[in-house]
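> 3D, please:
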Amino acid sequence: MKKIGSSIQENETYLKRDDYQRELLRKLNALRDKIKLGGGQKAIEKHKAKGKLTARERIKKLVDDEKSFFELSLFAAHDMYNEYGGAPSSGTIYGIGKIKSKNHVIVANDATVKAGAWFPITAKKNLRAQEIAMENHLPIIYLVDSAGVFLPLQDEIFPDKEHFGRIFRNNAVMSAMGIPQIAAIMGPCVAGGAYLPIMSDEALIVEGEGSVFLAGSHLVKAAIGEVINNEQLGGARVQSNISGVTDYIMKNDDECIDTIRSLVSKFGERPAAGFNREKSKPPLYSQKEIYGLLPEDTVKPYDMYEVIARIVDESSIDEYKAGYGKTLITAYARIDGWAVGIVANQRLVVKTETNEMQVGGVIYSDSADKATRFIMNCNQRKIPLVFLQDVTGFMVGSRAEHGGIIKDGAKMVNAVANSVVPKITIIVGNSFGAGNYAMCGKAYDPRFIFAYPNDKIAVMGSSQASSVLLDIKLKQVDKEEKHFTENDKKKLLDEIAKAYEEKNNPLYAAARLWIDEIIDPALTRDYISMCIEVANNNPEIPKFNTGVIQT
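Numbers count the residues shown, from 1 in each chain. Model (predicted):
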């Protein structure tokens, strides 16, 4: 193995970059704290006055250790639905946490946000939680406390394939797969939402707070004229002792959570995928030094080897084809003891053997060819893949086209698309165009996809996009026979660039679940290790086959 990286010289450039990244994290963490308040302090106090725990308190009591709970999609719905007062974290909390030393997916409705009502992005978030459970054969726990679909947006959540009904379909599929599902009804559970806990393997209900029915008392009166209250209609004793719908009556939230932990403790052992792991060894350099390595402006160069040196065990790699296709780094390594294959964009300016300069962050034909073969090797050897994205796309121009860049790019995309080992993607900087696809963007089914706080996801860079959009606008102006001064052009360009930038930042992506979470770069090892540990829970790895590849 080859040692990589070097000791940091704390010069002006490093210190400026370090300050910039830490400030981004400070702002991000302040926003996290605000979002974690859900509907706000008053809503929390009202919720607790009923003798109920908040969603976050329930999760804290359920898991073995609060620090081992990896929350995902916390920024879901950020700056969305503002016309309805917003929906912090989409009114749902989910993540992966250990219960009785085993990983589980945990999903909890936050009833302080619109009574736990489901917005369109809430459904998408719940589907993502179920997808993680299915892909990794993880048991899933639902802590239900929801008023059901947010009716003003029912047309965006109810009828389509990836809408509300898909959740119940997944309940059935997971049960057939043998994936345990336990639901705790800790508040209202109404209409279609009633199917989620009842299609789980077992359902607990909290007396006095939990209720489950297809139609509440108001709708029952309107529909058939029957006058009845919700407790008599579908409370804990009715649904457990009369209808037999629920399985356990719980006195309160605490007893309910203790019972879930007891049930979980009795699950049998399951086979693992068998990904290779040795004793974990820390990198030679502090992970926090990544802050000072990453540039403030994502178009500026930096050395990805130095970043990798702060992620992998002992800062050591076995680099594949080190002297070929230098704008991509392909290497075997260990992260927290786990064997991994790393595919990373190199952002430095590099030279070929013919002394031709190559711009980092761009994928050339030789880089794509190298990556394709490396990905195939990892699939053959059952080694999980880690993609470190900082890509501006594939090389363009006549020389690249004549050299077959589309063909070579297609080979890489084919290998990524058909890869059967777990893929973990981290967007370190830029994620533009077809480079997003080749480096295992969201559309290519990474088991998990994360982003650093300074990432950008778009079809192209803002300067290029703004220039193109300005040209289109100016042609429209010419047709209308209007006159634009240079100041008018500059003002319009600035407006276009600003609008474009607002949509390529990580918060915009996280709000829409294009990524699973924005992470602290200094915790990269922790997240990758968790992902592989989770993926190792699914022993079923299909046979690898790329189909037809043009040579």
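> Residues contacting the helix or strand hosting R237, please?
Using DSSP states H and E, R237 sits within helix 236-237. The contact list for helix 236-237 (C-beta atoms under 8 Å, 6 or more residues apart in numbering) reads 205-208, 210-211, 246, 249-250. For every residue, glycine as well, the C-beta is placed using N, CA and C.
> what is the mean pLDDT for that helix?
For helix 236-237, mean pLDDT rounds to 92.
> just checking, G91 touches P120?
No - taking contacts as C-beta atoms under 8 Å, G91 lies outside contact range of P120: 11.5 Å.
> ok, these two, which is more surrounded?
G91 (31 against 24; other C-beta atoms under 10 Å).
> How about the more buried one: what's its closest non-neighbour residue?
Leaving aside its sequence neighbours, G91 sits nearest to V113 (C-beta to C-beta, 6 or more residues apart in numbering; 3.7 Å).
> number of nearby residues for the one you found?
So V113, with other C-beta under 10 Å, has 28 neighbours.
> again with the one 3 residues further on
Here the count is done by other C-beta under 10 Å, and G116 has 28 residues near it.
> Enumerate every residue touching it.
Taking C-beta under 8 Å, 6+ apart as the criterion, G116 is in contact with 91-92, 109-110, 145-147, 187-188.
> Which of the residues you listed sits closest to I532?
The nearest member of the contacts of G116 to I532, counting by C-beta to C-beta, is T92 at 25.8 Å.
> Hmm, that closest one is touching T122, no?
Yes - using C-beta under 8 Å, T92 is in contact with T122, at 5.3 Å.
> Overlap in contacts, these two.
Joint contacts of T92 and T122 (C-beta under 8 Å, 6+ apart) are A76.
> rewinding a little: pretty sure the residue nearest to G91 contacts A87?
Yes - between V113 and A87 there is a contact at 5.9 Å, judged by C-beta under 8 Å.
> where does this structure have low pLDDT?
192, 350, 352-359, 460-475, 477-484, 488, 493, 500, 551 (pLDDT under 70).
> the longest helix in it is where?
Looking across the chain with DSSP state H, the single longest helix is helix 12-35.
> And that helix, what's buried?
17-18, 20-22, 24-25, 28, 35 (16 or more other C-beta atoms under 10 Å).
> what's the answer for stretch 101-116, then?
Buried-residue list, stretch 101-116, by 16+ other C-beta under 10 Å: 102-116.
> Ok, stretch 118-138 next?
118-130, 132-138.
> Run through who's touching stretch 499-515.
By C-beta under 8 Å, 6+ apart, stretch 499-515 touches 31, 73-80, 121, 124-125, 128, 427, 442, 449-458, 462, 465-466, 469, 517-518.
> Contacts only, for I406.
So I406 contacts F394 (C-beta under 8 Å, 6+ apart).
> what about it, is that helix, strand or coil?
Taking DSSP: H, G, I helix; E, B strand; the rest coil as the rule, one finds I406 in the helix state.
> same thing with the one 10 residues further on?
Following three-state DSSP, the label given to V416 is helix.
> show me what contacts it?
375, 423, 437-440, 444.
> I311 too?
283, 287, 290, 335, 524-525, 528.
> Please, a ChimeraX command that selects the buried ones among the contacts of stretch 499-515?
Restricted to buried positions by 16+ other C-beta under 10 Å, the ChimeraX selection for the contacts of stretch 499-515 reads:
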select :73,74,75,76,77,78,80,121,124,125,128,427,442,449,450,451,452,453,454,455,456,457,458,462,465,466,469,517,518
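> Helix or strand next in line after the helix or strand hosting K46, which one?
K46 is part of helix 41-48, with elements assigned from DSSP H and E. Per DSSP H and E, the first helix or strand lying C-terminal to helix 41-48 is helix 55-62.
> Packing partners of that next one?
strand 92-99, strand 102-109, strand 140-146, helix 253-264 (3 or more C-beta pairs under 8 Å, 6 or more residues apart in numbering; DSSP states H and E).
> Run through the residues that contact the closest residue in space to H104 that isn't next to it in sequence.
Nearest non-adjacent residue to H104, counting by C-beta to C-beta, 6+ apart: P139, 4.9 Å away. Contacts here follow C-beta under 8 Å, 6+ apart; on that basis P139 touches 102, 104-105, 133, 179-182, 264, 267.
> Could you pull out the buried residues of stretch 536-546?
So stretch 536-546, judged by 16+ other C-beta under 10 Å, has buried residues 536-538, 544, 546.
> Only alpha carbons, please: show that stretch as CSV.
Taking C-alpha atoms only, stretch 536-546 is exported to CSV below (Å, rounded to 0.1, in the frame of the first residue of the first chain):
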residue,chain,number,x,y,z
ASN,A,536,-23.6,-5.6,5.1
ASN,A,537,-27.0,-6.6,6.6
ASN,A,538,-28.3,-7.7,3.2
PRO,A,539,-26.6,-10.9,2.0
GLU,A,540,-28.3,-10.9,-1.4
ILE,A,541,-25.9,-9.6,-4.0
PRO,A,542,-27.1,-10.2,-7.6
LYS,A,543,-24.7,-11.4,-10.3
PHE,A,544,-22.8,-8.5,-12.0
ASN,A,545,-23.5,-8.1,-15.7
THR,A,546,-23.0,-4.9,-17.7
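> Begin at 54, not 1, for the rest of this chat.
I'll keep to 54 as the first residue from here, and by that count the last item is stretch 589-599.
> List the backbone torsions phi and psi for A168.
Main-chain torsions, A168, degrees, to the nearest 10: phi 60, psi 30.
> Just to check, it is in contact with P241?
Yes - using C-beta under 8 Å as the test, A168 is close enough to P241 to be in contact (7.3 Å).
> what residues are shared contacts of these two?
In contact with both A168 and P241: 199-200, using C-beta under 8 Å, 6+ apart.
> residue boundaries of the helices in the stretch 154-303 of the chain?
173-189, 217-230, 248-251, 270-277, 283-287, 289-290 (DSSP state H, counting those that start in this stretch).
> how long is stretch 90-103 from one end to the other?
End-to-end span of stretch 90-103 (C-alpha to C-alpha, to the nearest Å): 18 Å.
> ok, residues contacting that stretch?
Counting by C-beta under 8 Å, 6+ apart, 107-109, 141-142, 144, 163-167, 262 sit against stretch 90-103.
> Please identify the buried residues of that stretch?
Residues of stretch 90-103 classed as buried by neighbour count (16+ other C-beta under 10 Å): 90-92, 96-97, 100.
> Tell me how far A268 lies from I295.
17 Å (C-beta to C-beta, to the nearest Å).
> go on, Q94?
Q94 is 39 Å from I295, by C-beta to C-beta.
> What are the boundaries of the strands in the stretch 454-603 of the chain?
For the stretch 454-603 of the chain, applying DSSP state E, counting those that start in this stretch gives strands covering 476-485, 501-504, 509-511, 570-571.
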